[in-house]
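Enquirer: Coordinates only, no sequence provided:
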């Protein structure tokens with residue numbers, strides 16, 4: 001799903017409302033006024049949100065000029081687990 005000027009939360013909500021149930025990969029881009037785009041990393045809150053919809057969702061991030069792909073849970077140290085037994 002591509003969406004200009006919308007946050008990951010809105011795009012994810014739109015996908016779910018249109019019947020999507022499983023997600024494979026997410027990439028967040030920043031659009032500049034000169035039509036240039038840059039891959040950026042989702043913030044921690046958005047990483048948490050994505051991981052709630054699938055621990056195997058992959059996120060593409062840019063690091064030192066390279067595009068890298070990680071499982072979203074690997075970008076969340078000590079993530080809470082709502083199903084954890086205490």
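Expert: Okay, I see it. Keep in mind that this is a model prediction, so the values were computed, not measured. Residues are numbered from 1 along each chain as shown.

Enquirer: What segments of the chain are helices?
Expert: 8-17, 44-53 (DSSP state H).

Enquirer: Quick one, which of the ones you listed gets closest to residue 23.
Expert: Nearest to residue 23, of all these, is helix 44-53, at 6.0 Å by CB to CB. C-beta here means a position set from N, CA and C on the backbone, and glycine is covered the same way.

Enquirer: That closest one - what's its average pLDDT?
Expert: On average, the pLDDT along helix 44-53 is 87.

Enquirer: got it, and stretch 61-79?
Expert: The average pLDDT within stretch 61-79 is 89.

Enquirer: now swap in stretch 16-26 and tell me
Expert: Stretch 16-26 shows an average pLDDT of 92 in the prediction.

Enquirer: Show residues contacting it.
Expert: Applying CB atoms under 8 Å, 6 or more residues apart in numbering, the external contacts of stretch 16-26 come out as 1, 8, 12, 15, 42, 50, 53-54, 57-60, 69, 72.

Enquirer: Same check on stretch 35-44?
Expert: By CB under 8 Å, 6+ apart, stretch 35-44 touches 8, 26-32, 50, 59-62, 67, 75-76.

Enquirer: ok, which pair from the residues you listed is furthest apart?
Expert: 32 and 76 (28.3 Å).

Enquirer: With neighbour numbers in mind, choose between those two.
Expert: The residue with more neighbours, out of residue 32 and residue 76, is residue 76; 15 against 8, by other CB atoms under 10 Å.

Enquirer: so who does that one touch?
Expert: 44, 47-48, 51.

Enquirer: Run a quick neighbour tally on residue 26.
Expert: When counting by other CB under 10 Å, one arrives at 21 neighbours for residue 26.

Enquirer: and it, bridged to which residues?
Expert: Taking DSSP bridges, one finds residue 59 as the beta-bridge partners of residue 26.

Enquirer: closest to residue 80 out of the helices of the chain?
Expert: Short answer: helix 44-53, nearest of the helices of the chain by CB to CB, at 8.0 Å.
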